[in-house]
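> Make a model of this:
(2 chains)
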Amino acid sequence: MKKIRIKIPGFLKGMFIVFSNLFKKNVTVNYPFEKETLAPRARGVIALDQEACTSCMLCARQCPDWCIYIEGHKELQPPSKPGGRPRSRAVLDRFDIDYALCMYCGICVEVCPFDALFWSPDFEYSEYKMSSLLHDKAKLQDWLVTVPETVGLES
Amino acid sequence: MSFGLELLLKVGVVAAIAPAMALGLTILEIKGSAYMQRRPGPLHVGLRGFIFPIAEVLKFFQKEDIIPAQADRSVFKWAPAYIFVSVFGLFVIIPASPTLVVRDLELGVFYLLAISSLSTIGVLTAGWSSANKFSMIGGLRAAAQLIAYELPLILSVIGVVIQAETMSLVGIVEAQKEWGVPFVLAGQLIAFLVFMTAATAEMMRVPFDMPIGESELVSGFLTEYSGIRFLLFYISEYINLFVMCAIASTIFLGGYHIPFLPLDWVNFYGPLVLIGKTFFLGFILILIRWSFPRFREDQLQSIAWKILVPVSLANIFVTSIMKVVF
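Below is the predicted model of the structure:
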């Protein structure tokens, strides 16, 4: 038996879809008053763990728009055993990320061999001046507390 | 009551009601379209954004009224007045009850069509005098469109006029009272659809908004207008929406009359019933506006001349045959 199907013109279907959306819940979030739930790996800002950084410059070299500025020098450490050779240690003088240039590609985070850079979901750091978007190493260190626990692999 | 006092009172009432209804429809459009797109719409201007249109109107008062140097100044200045007059003039014949009407004209329908075609002049002069290519193309498109859709608007009403045997709008409503059902159910459904389509085109609302066509012509004939003159265009668009829907509900949906209500009280519930029906039609037009994209210019013309005019002519033909036979 053939199903009897009444053919509804397309424009009526479209109007019905628009009309039925009238009674559905809003999909927007009233932003400054309520916050969106972000994705687990949301890319808000890059945090720096200064202790782990060896100023190897890999991130600065890989950065596609050259927004990372690193300066450092080496200091001699006193030998751990008496009579030993003094070891040199890299000291970070300057680590700036210019968020006016950053395009949030995350290459620096991926390329860091010592796990010194992390993604943080915090995104509320807008400024009135473009120059204020240059975060120095102290500020980047402050973002570290906002970094969430690493979520597991996706698949 | 002397004639002068009566006139003053009627003008005052119309001048108060027309912008109020325009604001109501603006709220319906802004909030309705927002909820149709699943967003809250204006939210922070008092009463959860429901007085937002008032703020928007007040905004236009404080804006500078710019007239282009090359513009034809006097024509440019007076163009909004034509549209405003043509829209306000239509309030004369809309009956809110058998007695609650500015003037029940014998040739009400004729007056309606005569006055509503005045707005063509306003739009054309606005486009022409702006000294702007976009404005001129918009004005010419508007003229072509308004003239094309005037015809189905007239012809679809003639079917009703034949059926009701009168041209006065109160008479048409009374005829629907005698029939027991509004004309949209009593054989004029096609005329109703043609009328609403043509009225949408006359109002230059989406999907018939080529004269404004913001993606092609900046803002069409409104491009060079700002401040209060733009406000006049803007508000008369919504007053026009109200008027056209009110006339459609009067002619086709029974106007102020609603069955099973005491006829003695018509002066009280009549206006409310009319406004309710009008806002229902207005809501359908808003639904159409937010569902469909714009027609192409050639599609616009072929819809008017190839579909609406023959259909409304056939409607007149059938209606007159039925009138003679029965």
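
> State the distance from the residue of the stretch 51-200 of chain B found nearest chain A to B:Gly213.
Distances from the stretch 51-200 of chain B to chain A, computed as CB to the nearest CB, single out B:Thr197 as the nearest residue at 11.9 Å. Where C-beta positions appear, they are placed from N, C-alpha and C, glycine not excepted. Computed with CB to CB, to the nearest Å, the distance linking B:Thr197 and B:Gly213 is 18 Å.

> Those two: which has the busier surroundings?
Applying other CB atoms under 10 Å in any protein chain shown to B:Thr197 and B:Gly213 shows that B:Thr197 carries more neighbours, namely 22 against 19.

> what's residue 43 in contact with, if anything?
Since no chain was named, I'll use chain A. Taking CB atoms under 8 Å, 6 or more residues apart in numbering or on different chains, we find A:Arg43 in contact with A:104, A:106, A:119, A:121.

> Not quite, go with chain B.
Counting by CB under 8 Å, 6+ apart, B:Leu43 makes contact with A:30, B:49.

> what about it, which SS state?
coil (DSSP: H, G, I helix; E, B strand; the rest coil).

> Please report the distance of it from A:Phe23.
Shown here: B:Leu43 relative to A:Phe23, a distance of 19 Å by CB to CB.

> just B:Gly159 next, same as before
Distance from B:Gly159 to A:Phe23, by CB to CB: 36 Å.

> SS state for the residue of the stretch 51-200 of chain B closest to chain A?
Criterion first, three-state DSSP; result for B:Thr197: helix.

> For it, give me the pLDDT.
We have a pLDDT of 89 for B:Thr197.

> show me what contacts whatever residue of the stretch 201-326 of chain B ends up closest to chain A?
Evaluated by CB to the nearest CB, the stretch 201-326 of chain B has B:Ser291 as its residue closest to chain A, separated by 4.5 Å. With contacts defined as CB under 8 Å, 6+ apart, the neighbours of B:Ser291 are A:11, A:14-15, A:17-18.

> Would you confirm that B:Asp289 contacts B:Phe208?
Wrong residue type there; residue B:289 is Arg, not Asp. No. Taking CB atoms under 8 Å as the contact criterion, B:Arg289 and B:Phe208 are not neighbours in contact, 9.9 Å apart.

> Enumerate every residue touching the closest residue to the residue of the stretch 51-200 of chain B closest to chain A other than its chain neighbours.
Sequence neighbours aside, B:Leu308 is the residue nearest to B:Thr197 in space, at 6.3 Å (criterion: CB to CB, 6 or more residues apart in numbering or on different chains). For B:Leu308, the contacting residues are B:149, B:151-152, B:156, B:194, B:197-198, by CB under 8 Å, 6+ apart.

> Out of these, which sit inside helices?
Among these, the members falling in helices are B:149, B:151-152, B:156, B:194, B:197-198 (criterion: DSSP state H).

> Comparing B:Gly159 and A:Phe23, which residue is more hemmed in?
For B:Gly159 versus A:Phe23, neighbours defined as other CB under 10 Å are more numerous around B:Gly159 (29 against 9).

> unless I'm mixing things up, that one is touching B:Ala191, no?
Yes. Assessed by CB under 8 Å, B:Gly159 is found in contact with B:Ala191 at 4.5 Å.

> From A:Val147, how far off is the residue nearest to A:Val111 when sequence neighbours are not counted?
Excluding its sequence neighbours, the residue lying closest to A:Val111 (CB to CB, 6+ apart) is A:Gln62, at 4.7 Å. As defined by CB to CB, A:Gln62 lies at a distance of 20 Å from A:Val147.

> higher neighbour count, the two?
When neighbours are counted by other CB under 10 Å, A:Val147 comes out ahead of the other of A:Gln62 and A:Val147, with 18 against 14.

> My guess is that one contacts A:Asp115. True?
No. No contact is recorded between A:Val147 and A:Asp115 when judged using CB under 8 Å, the distance being 11.1 Å.

> by contact count, what packs against the longest helix seen in chain B?
Secondary structure of chain B read by DSSP H shows that its longest helix is helix B:3-36. Using 3 or more CB pairs under 8 Å, 6 or more residues apart in numbering or on different chains; DSSP states H and E as the contact criterion, the secondary-structure elements in contact with helix B:3-36 are helix B:52-61, helix B:73-89, helix B:227-251, helix B:266-291.

> Which positions within that helix qualify as buried?
By neighbour count, with 16 or more other CB atoms under 10 Å in any protein chain shown as the criterion, the buried positions of helix B:3-36 are B:17-19, B:21-36.

> Kindly report the same for stretch A:123-137.
Within stretch A:123-137, the residues scored as buried using 16+ other CB under 10 Å are A:133-135, A:137.

> List just the nearest of those to chain B.
When those are compared for distance to chain B (CB to the nearest CB), A:Leu133 comes out closest, at 28.1 Å.

> who touches the closest one in this structure?
With contact taken as CB under 8 Å, 6+ apart, A:Leu133 is in contact with A:98-100, A:125, A:127.

> taking these one by one, which sit in strands?
In strands, defined here by DSSP state E, the members of the contacts of A:Leu133 are A:Asp98.

> Send me the host helix or strand of A:Val109 as CSV with only the CA atoms.
In this structure, A:Val109 sits in helix A:107-111 according to DSSP states H and E. Coordinates of each C-alpha in helix A:107-111 appear next as CSV, following Å, rounded to 0.1, in the frame of the first residue of the first chain:
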residue,chain,number,x,y,z
ILE,A,107,52.5,26.2,18.1
CYS,A,108,54.7,27.6,21.0
VAL,A,109,52.8,25.4,23.5
GLU,A,110,53.3,22.3,21.3
VAL,A,111,56.9,23.0,20.5
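
> excluding its backbone neighbours, what's nearest A:Ala47?
By the measure of CB to CB, 6+ apart, the closest residue to A:Ala47 outside its immediate chain neighbours is A:Trp143, 3.7 Å from it.

> Now do the contacts for the one you found.
Contacts for A:Trp143 were tallied using CB under 8 Å, 6+ apart; they are A:45-48, A:120, A:122, A:135.

> One more: B:Leu28?
Residues in contact with B:Leu28 (CB under 8 Å, 6+ apart) are B:279, B:282-283, B:286.

> ranges for the strands of chain A?
A:45-48, A:68-76, A:88-98, A:117-120, A:134-135.

> mind giving me JSON lines with those and columns for mean pLDDT and distance to B:Asp264?
Converted to JSON lines, the strands of chain A look like this (pLDDT from 0 to 100; distance: least, CB to CB, whole Å):
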{"stretch": "strand A:45-48", "mean pLDDT": "89", "distance to B:Asp264": "73"}
{"stretch": "strand A:68-76", "mean pLDDT": "89", "distance to B:Asp264": "84"}
{"stretch": "strand A:88-98", "mean pLDDT": "88", "distance to B:Asp264": "79"}
{"stretch": "strand A:117-120", "mean pLDDT": "88", "distance to B:Asp264": "73"}
{"stretch": "strand A:134-135", "mean pLDDT": "89", "distance to B:Asp264": "78"}
